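Student: I'd like to go over a predicted model; first the sequence, then the structure.
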Amino acid sequence: MDPHQLKDYIYNFSLADSAQGGRGYNRVLLQLFGYTGHGKSSFINSCKFVLDGEYRTIAESGQRESGGAMTMVRNAYKLTDTITIVDNRGFKNMDNIEKIQINSQLANLLPLNQEVKWAEEYDDILCIINKKSDSDYTDIIVPIFVYSVKTNLTKDEDNEVREFLETCQEMTRINPTIVLTNKTSGNYSNVEERLGTKRVFPVENYTEDRQLATREKHIDILNIIKSVLDDVKFSLEHGSDPEEERTEHIKFLMGMAHRIFSAKELEKKEEEDRKKQKEMPVPNIFTRIWNAIFFVRK
């Protein structure tokens with residue numbers, strides 16, 4: 001398709017047009033995740049540009065918002081009447097506590113356009129998972145991971161991303177899409193192997209400094225949106241209804257939280273036992289000899 005055909009397809013996309021109807025879903029939610037500085041905000045601005053025809057900075061990067069800090073709000077931006085794109089709070093430490101809450105965003109259990117505050121205690125996290133938030137559970141969730149070829153992730157970070165992508169597919173039943181930004185600034189030939197997926201779409205984002213529209217950039221970005229909409233149509237034909245999906249998401253996250261905090265409590269107990277053993281007084285050599293003689297005489 002040429003850019004005009006792609007735009008028409010995206011603007012005219014309706015959940016009700018699928019073979020199974022909308023199944024109760026009302027909106028497509030493109031959920032963006034990634035490390036700070038990899039281009040999530042620029043990708044949002046680029047999507048708006050290619051669809052609306054005018055470049056505007058509607059999504060500010062984390063660096064500009066708070067002097068280098070990551071995005072702290074689940075900012076939502078309407079692309080069409082059916083499609084909304086969300087810039088979620090990004091990855092940082094990716095410890096087990098953060099993983100639960102990253103996945104709570106993925107499951108759309110946290111309200112949009114509000115600050116995301118990480119909880120640390122088990123009960124607080126359970127409240128987040130079980131809370132009837134302002135989020136609309138009739139959104140069909142599409143996971144998108146944004147990754148820049150300019151920044152080489154460590155092996156541990158690669159493994160974290162692979163684990164997250166597997167969780168995305170398990171929770172949403174949609175194979176996550178990798179938006180590979182800055183495609184002309186590095187080697188991206190091995191990204192598929194490193195991250196364990198073939199759904200990799202290299203792009204060059206539009207920015208304030210690079211607003212010159214090109215056919216190649218437009219088609220790259222429009223093809224990403226079309227591809228995820230095709231995934232949505234397939235999911236509607238083989239998926240379940242919103243209430244069932246919501247229940248499954250909560251069960252999944254409850255199980256994850258229970259496993260993580262059970263392991264954390266066990267680790268804490270073992271550490272306390274080791275500390276007690278170290279604090280126990282060790283008998284000196286004379287005490288040991290006296291005790292041995294006393295035992296023999298007895």
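Tutor: Nice, I can see it.

Student: Could you report the neighbour count for N152?
Tutor: By the measure other Cβ atoms under 10 Å, the count of residues near N152 is 11. (Glycine included, C-beta is placed from N, CA and C.)

Student: State whether it is indeed within a strand.
Tutor: No: if the criterion is DSSP: H, G, I helix; E, B strand; the rest coil, then N152 is coil and not within a strand.

Student: contacting residues for it?
Tutor: Contacts for N152 (Cβ atoms under 8 Å, 6 or more residues apart in numbering) come out as none.

Student: Against N12, how distant is it?
Tutor: Noted for N152: a distance of 40 Å to N12, by Cβ to Cβ, to the nearest Å.

Student: which outside residues touch stretch 226-235?
Tutor: With Cβ under 8 Å, 6+ apart as the test, stretch 226-235 has contacts from 1, 6, 9-10, 13, 15, 18, 28, 30, 83, 140, 142, 144, 172-175, 177, 199, 201.

Student: Of the residues you listed, grab the buried ones for PyMOL.
Tutor: A single PyMOL command selects the buried members of the contacts of stretch 226-235 (16 or more other Cβ atoms under 10 Å):
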select buried, resi 6+10+13+15+18+28+30+83+140+142+144+172+173+174+175+177+199+201
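
Student: Inside strands: which ones of the contacts of stretch 226-235?
Tutor: Secondary structure from DSSP state E places V28, L30, I83, I140, V142, I144, T177, F201 of these in strands.

Student: Now distance to E245 and pLDDT too, for those residues, in CSV please.
Tutor: CSV is the format used below for the ones in strands among the contacts of stretch 226-235 (distance: Cβ to Cβ, whole Å; pLDDT from 0 to 100):
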residue, distance to E245, pLDDT
V28, 14, 96
L30, 17, 98
I83, 18, 97
I140, 8, 93
V142, 13, 96
I144, 18, 97
T177, 19, 95
F201, 25, 94
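
Student: give me the low-pLDDT residue ranges for the chain?
Tutor: 19-20, 61-71, 93, 132-136, 280-298 (pLDDT under 70).

Student: Centroid-nearest residue for it?
Tutor: Nearest residue to the geometric centre of the chain (Cα atoms, centre = their mean): F33, 4.1 Å.

Student: tell me what the helix ranked longest in the chain is packed against?
Tutor: Criterion DSSP state H: the longest helix present in the chain is helix 242-279. Using 3 or more Cβ pairs under 8 Å, 6 or more residues apart in numbering; DSSP states H and E, the elements in contact with helix 242-279 are helix 96-106, helix 122-130, helix 155-172.

Student: Lovely, talk soon.
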